[in-house]
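Novice: Here's a sequence, model it:
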Amino acid sequence: MNSENRGEQLNQSCSCMEMMQSVIDGEASEEQMIFFRQHMNECASCSGNYRVETTLQELVRSRCCGSHPPQGLAEKIKNEISKLS
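Specialist: Numbering: from 1, shown residues only. Coordinates of the predicted model:
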């Protein structure tokens, strides 16, 4: 891969990552969703990051009750993130 293609791929990845939270939160436009899905099919790195983000969100939702997260949740999340890095 030449440097021009690599730079283009990085720009797409950055754009994709910027809209990831909107996609996860259901706030992405139809155009953004189309781009995002296509990019996820083509980019293993972004696809992996998306799985991490959605897994963390699901973990937080399933573990949090009321307005205060359970004691130790932040540390558990940090540990999970460090395992994936």
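Novice: residues contacting the residue most central in space within the chain?
Specialist: Centroid-nearest residue in the chain, with CA atoms, centre = their mean: Tyr50, separated by 3.3 Å. Residues near Tyr50 by CB atoms under 8 Å, 6 or more residues apart in numbering: 20, 23-24, 40. All C-beta atoms are positioned from the backbone trio N, CA, C, and that covers glycine.
Novice: what's the distance between it and Lys76?
Specialist: Taking CB to CB, to the nearest Å as the criterion, Tyr50 is separated from Lys76 by 21 Å.
Novice: which residues are contacting stretch 73-84?
Specialist: Applying CB under 8 Å, 6+ apart, the set of residues contacting stretch 73-84 from outside is 52, 56, 59-60, 63-64.
Novice: C-alpha coordinates for stretch 34-42, PDB please?
Specialist: Coordinates of each C-alpha in stretch 34-42 appear next as PDB, following Å, rounded to 0.1, in the frame of the first residue of the first chain:
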ATOM      1  CA  ILE A  34     -24.500   3.700   5.100                       C
ATOM      2  CA  PHE A  35     -20.900   4.900   5.200                       C
ATOM      3  CA  PHE A  36     -20.400   3.400   8.700                       C
ATOM      4  CA  ARG A  37     -21.700   0.000   7.700                       C
ATOM      5  CA  GLN A  38     -19.600  -0.100   4.600                       C
ATOM      6  CA  HIS A  39     -16.500   0.900   6.500                       C
ATOM      7  CA  MET A  40     -17.100  -1.700   9.200                       C
ATOM      8  CA  ASN A  41     -17.200  -4.400   6.500                       C
ATOM      9  CA  GLU A  42     -13.900  -3.200   5.100                       C
END
